[in-house]
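[1] What would the 3D arrangement of this be:
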Amino acid sequence: MSEESSSESEIEACSSKFNPLKALYSDKPQIPVQDAPMFENIQQYENALKIKEILPVELGNLVKKREEEKVRRREEEERRLKEINEKRFAQYKAVMPVKREFKEKNVLTRIQRMQGPLGALKDCVDQRLRIKVVVRSANAIRGYLYGTLVAFDKQWNLALTDVLEVWKRKGVRKRKVPPGLGVPVERGSAAALSPVPVVTEEALGGGVWECTRHVPQLMMRGEHVVFINVMER
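    Numbers count the residues shown, from 1 in each chain. Sure thing, here's the model as predicted:
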């Protein structure tokens, strides 16, 4: 019994025979105060005695609520200062420069403001109508384009899809390649990357051929446009 009493006194914090090592490894530690606050170290406990804002480890919910209260107070203070500044500078609001709202500008936004002849092209873009474009070469009419208009600008540059191109050319006389020039080089890898549209030729007589090809997408420069006619209504 004496040994048991001595061992119990060694793990009892209020005993003169208290042994902290045995109390640490004991299965039945005797805690004088069951609801005593727990701190991470002695320094935190000393700071808690001086500063009341430092809370024990187990009061995590209280710490969270306190932080939320700080955020709420800071937001209220910022809102109060904002209202005070608005009332303070309200009399100078009329003379302050107004910041213009930035509006993105591109081809599609400019199309919506087109008027006159370009307004007819705007209707073709909105309604997905097919048009006929007469194009020119350096000194004559080269041919025609039949396609769906997707976009355009004030310089009459046209973006077309599903284009059927028709033009005329004179027949080229066949001639042999001189021996000094060697064999003509075959087409490179451009055809493998992007297939070249197949050109269909039809003889019209008098050494004139009519060429036709289909192009999925085509960009036509405005300087080559002669006339535009709406094919569908």
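
[2] before we move on, what SS does residue 16 have?
    Here residue 16 takes the coil state, with states given by DSSP: H, G, I helix; E, B strand; the rest coil.

[3] which residue packs closest to it, ignoring adjacent ones?
    With sequence-adjacent residues excluded and distances taken as C-beta to C-beta, 6 or more residues apart in numbering, residue 16 is closest to residue 9, at 7.8 Å. C-beta here means a position set from N, CA and C on the backbone, and glycine is covered the same way.

[4] and the helix or strand hosting that neighbour, average pLDDT?
    Using DSSP states H and E, the element containing residue 9 is helix 2-10. The pLDDT scores in helix 2-10 average 62.

[5] any idea how far residue 102 lies from residue 131?
    34 Å (C-beta to C-beta, to the nearest Å).

[6] right, and residue 210 touches residue 165 too?
    No. Residue 210 is beyond contact range of residue 165, at 11.3 Å (criterion: C-beta atoms under 8 Å).

[7] Among these two, which residue is more densely surrounded?
    Using other C-beta atoms under 10 Å as the criterion, residue 210 and residue 165 rank with residue 165 on top: 22 against 14.

[8] how close does that one get to residue 196?
    13 Å.

[9] Okay, now the unreliable bits of this structure?
    Scanning the chain for pLDDT under 70 picks out 1-7, 29-37, 39-40, 52-61, 63, 173-194, 233.

[10] Repeat the analysis, applying 50 as the threshold.
    The chain contains residues with pLDDT under 50 at 1-2, 180-181, 185.

[11] element containing the residue nearest in space to the middle of it, please.
    The chain has residue 104 as the residue nearest its centroid, 14.8 Å off, counting by C-alpha atoms, centre = their mean. Residue 104 is part of no helix or strand when elements are defined by DSSP H and E.

[12] List the residues that contact it.
    By C-beta atoms under 8 Å, 6 or more residues apart in numbering, the contact set of residue 104 is empty.

[13] residue boundaries of the helices in the chain?
    Counting by DSSP state H, the chain has these helices, from start to end: 2-10, 20-25, 42-50, 60-88, 107-111, 117-127, 190-193.

[14] would you turn the ones you listed into TSV with mean neighbour count and distance to residue 219?
    TSV is the format used below for the helices of the chain (neighbours: other C-beta atoms under 10 Å; distance: least, C-beta to C-beta, whole Å):
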stretch	mean neighbour count	distance to residue 219
helix 2-10	11	94
helix 20-25	11	83
helix 42-50	11	73
helix 60-88	10	52
helix 107-111	13	12
helix 117-127	15	15
helix 190-193	8	17
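
[15] want to throw those helices into TSV with distance to residue 200?
    Shown next, in TSV, are the helices of the chain (distance: least, C-beta to C-beta, whole Å):
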stretch	distance to residue 200
helix 2-10	108
helix 20-25	97
helix 42-50	89
helix 60-88	72
helix 107-111	33
helix 117-127	27
helix 190-193	17
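
[16] Can you say which of the ones you listed is nearest to residue 157?
    Closest approach to residue 157 among the helices of the chain (C-beta to C-beta): helix 107-111, 9.0 Å.

[17] coming back round to it: give the residue from residue 102 and residue 131 that has the larger number of neighbours.
    residue 131 (19 against 6).

[18] Now do that one against residue 216, distance only.
    Counting by C-beta to C-beta, the gap from residue 131 to residue 216 is 17 Å.

[19] do residue 23 as well
    86 Å.

[20] Kindly state the domain boundaries assigned to this protein.
    2-73, 115-172+197-230 (automatic domain parsing).
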